[in-house]
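[1] return atomic coordinates for the entry below.
(one chain, ligands or ions: 1)
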Amino acid sequence: MQGHMMFQPLLISSLIKHAERYHGDTAIISKNTDGTITKTDWTHISENSKRFANALSALGLKESDRVATIAWNNHRHLESWYAISGSGFVCHTINPRLFPEQLVFIINDAQDKVVLFDKTFLPLIKGVKSHTPHVEHFIYLGAYDQNVADAVPNVKFYDVLIAEQSSEFEWPSFDETTASSLCYTSGTTGNPKGALYSHRSTLLHTYAICLPDSLNLSAHDVMLPVVPMFHVNAWGTPYAAAMVGATLVLPGPGLDGASLVELIDEFKVTVALGVPTIWQGLLAAAKQSGSRLESMKRNVVGGSACPPAMMAAFKNSYQCETIHAWGMTETSPLGSANQLKAKHSLLSEDEKFKLRLSQGRPPFGVDLRITDQENGTHVLANDGHTSGNLQIRGHWIIDSYLGKSSSALTSDGWFDTGDIATLDEDGYLTLSDRSKDLIKSGGEWISSVELENIAMGHPDIAMAAVIAATHPKWDERPVVIAIKTPNSQITEQQLLDYYSDKVAKWQIPDKVVFVDAIPLTGTGKMLKRDLREQYGHVLLN
Ligand code: ADP
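    Numbering: from 1, shown residues only. A predicted model of the protein is given here:
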């Protein structure tokens, strides 16, 4: 017997309908590519998204056609997202920091029909245009601009398109498993591969990230997604904000610490989200300007491990609670978030702090396990110290990559993340490394993340990456690549000595190389592959 309850497909259009109907006057703040600030609200975002949906339908697109965006976090980008997915097309967010060849590769792989772009990316569009034969329309996200018209023949202008259209649009209804958006892995792990999300997976993920034990989002919040909309859908925040009726502060291209401090203070941001390199900049800028970041109650750190020193700085200097979260492109992204349980209230502040450092536990809807490194399906104990391959399954986890007929899963239906981790009895996840970043010294594994966290805890170190360098006797040994803080005189020996009471003697790195800059991936993570190429041989002569 079936239940007698209504069935409504879980569609992204229902989010914007809800936001317009119940949170219409809630503010949306957008820093534009030209530096100006637009103050709008959910009513106007919704109306423009319907205007743009009319414009897209006038272009004659077919169901599930791909519409790409190469844009910062701003209001036009937000409107276009709802228009594209809401109409039944696939919103393909492109990371502009990829190399042009990779960009061409993914536009062609996705067979994008339309490409939307911000002014910043005009040179990029000029460069790739002749190599992307499937693209029928380029749309500039702004008002008419003669320079753009001259540079890209037949380009259309977003503001002109929506000005011609009505704000009446009936969002179509379709199967909730229809594809809604597409994001390519950022290529730290080889060739970019497409993760194709569905309306259903997106809606269920949105519910999960709002939960009190996840990011704890509500209509009281002013959210600043520093994480770009092209990085796993800004971790789902543009959908979550519509679901709960929060204000969004969209930071545009200004991701430097000083610009972020200004936005936080001016618009009273309560929760901000980003990768650790962003917070490094923010902390330095807040210190310099003397800002107390008064409104900011929490920040969400993910994408790379949150260094303990960073979490302590937010807590002690700014009374800001850091939520450490883990996920990946293939997992929509939320796989776990760190919130304590009732029983932890009895712990000392120190013990609580230690618990908060892990990547947290899975929300309802996903399940984690660790398995043997040799045999990917032999499940290991959740005892907090046995480490193995981290695997995940759930409602918003990939099952196969775009264009690949083979499954991306293990023989028993789990997705292997490529991360190495432990799980404790409560499901708290602690990542020790990515499998290929682990350092194998004389048959023993050393965690590069642990050594990086120690270096970054030194007051004279601004950033540090630890790589496996080839060693004639031990195969691999750890080498620290570090950036000093301004005016620091720290020496190699002083940094190596700093490790002596923190790790076993055989885990102390062999060498420190001080550099002025560490290359970052398109999503702001340290590009260890490049560092390994450059410094992987420093122990050989
Ligand atoms: P890519 O795999 O192309 O770098 P993703 O953004 O999907 O792109 O990266 C996912 C990976 O980032 C994870 O598999 C993990 O290695 C790392 N990661 C994400 N969050 C954390 C975290 N909180 N701590 C440590 N590593 C993390």
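
[2] which residues touch residue 37?
    For residue 37, the contacting residues are 29, 30, 31, by CB atoms under 8 Å, 6 or more residues apart in numbering. For glycine as for every other residue, the C-beta is placed from the backbone atoms N, C-alpha and C.

[3] pull the distance from the helix or strand that the first one is a member of to the chain's centre.
    It stands for residue 29. Taking DSSP states H and E as the definition, residue 29 sits inside strand 27-31. Offset of strand 27-31 from its chain centre (CA atoms, centre = their mean, to the nearest Å): 20 Å.

[4] please apply the same query to stretch 354-363.
    18 Å.

[5] how about the residues of the chain that lie near the ligand?
    Within the chain, the positions adjacent to the ligand are 185-189, 302-305, 324-329, 359, 417-419, 431, 434, 523, 525 by CB under 6 Å from any ligand atom.

[6] among these, which ones are buried?
    Among the residues of the chain next to the ligand, those scoring as buried are 185-188, 302-305, 324-329, 359, 417-419, 431, 434, 523, 525 (criterion: 16 or more other CB atoms under 10 Å).

[7] any stretches of the chain with poor pLDDT?
    186-190 (pLDDT under 70).

[8] residues touching the residue lying closest to residue 499 once chain neighbours are set aside, list them.
    Excluding the flanking residues, the one nearest residue 499 by CB to CB, 6 or more residues apart in numbering is residue 508, at 4.5 Å. Residues in contact with residue 508 (CB under 8 Å, 6+ apart) are 478, 496, 499, 500.

[9] could you do residue 376 as well?
    Residue 376 is in contact with 389, 391, 410, 416, counting by CB under 8 Å, 6+ apart.

[10] helix, strand, or coil at whichever residue of the stretch 1-150 of the chain sits closest to the ligand?
    Of all residues in the stretch 1-150 of the chain, residue 95 sits closest to the ligand, at 9.5 Å by CB to the nearest ligand atom. Under DSSP: H, G, I helix; E, B strand; the rest coil, the three-state class of residue 95 is coil.

[11] what is the neighbour count of the closest residue to residue 184 other than its chain neighbours?
    Of all residues not flanking residue 184 in the chain, residue 192 sits nearest, at 3.9 Å (CB to CB, 6+ apart). Using other CB atoms under 10 Å, residue 192 has 22 neighbouring residues.

[12] pretty sure residue 50 sits against residue 170.
    No. Using CB atoms under 8 Å, residue 50 is not in contact with residue 170, being 9.0 Å away.

[13] the residue of the stretch 1-150 of the chain closest to the ligand touches residue 522, doesn't it?
    Yes. Between residue 95 and residue 522 there is a contact under CB under 8 Å: 4.4 Å.

[14] that older thread, let's see which of the residues of the chain next to the ligand end up in strands.
    Secondary structure assignment (DSSP state E) places 324, 325, 326, 327, 417, 418, 419, 431, 434 from the residues of the chain next to the ligand within strands.

[15] now for these, which pair is the farthest apart?
    324 and 418 (19.2 Å; CB to CB).

[16] how far does the host helix or strand of residue 38 sit from its chain's centre?
    Element membership of residue 38, judged by DSSP H and E, is strand 37-41. In terms of CA atoms, centre = their mean, the centre of strand 37-41 is set 24 Å apart from its chain centre.

[17] can you get me a residue count around residue 472?
    Counted with other CB under 10 Å, residue 472 comes out at 9.

[18] give me the element the residue nearest to it when sequence neighbours are not counted is part of.
    Distances taken as CB to CB, 6+ apart put residue 540 closest to residue 472, at 6.8 Å, once the chain neighbours are dropped. Counting by DSSP H and E, there is no helix or strand that carries residue 540.
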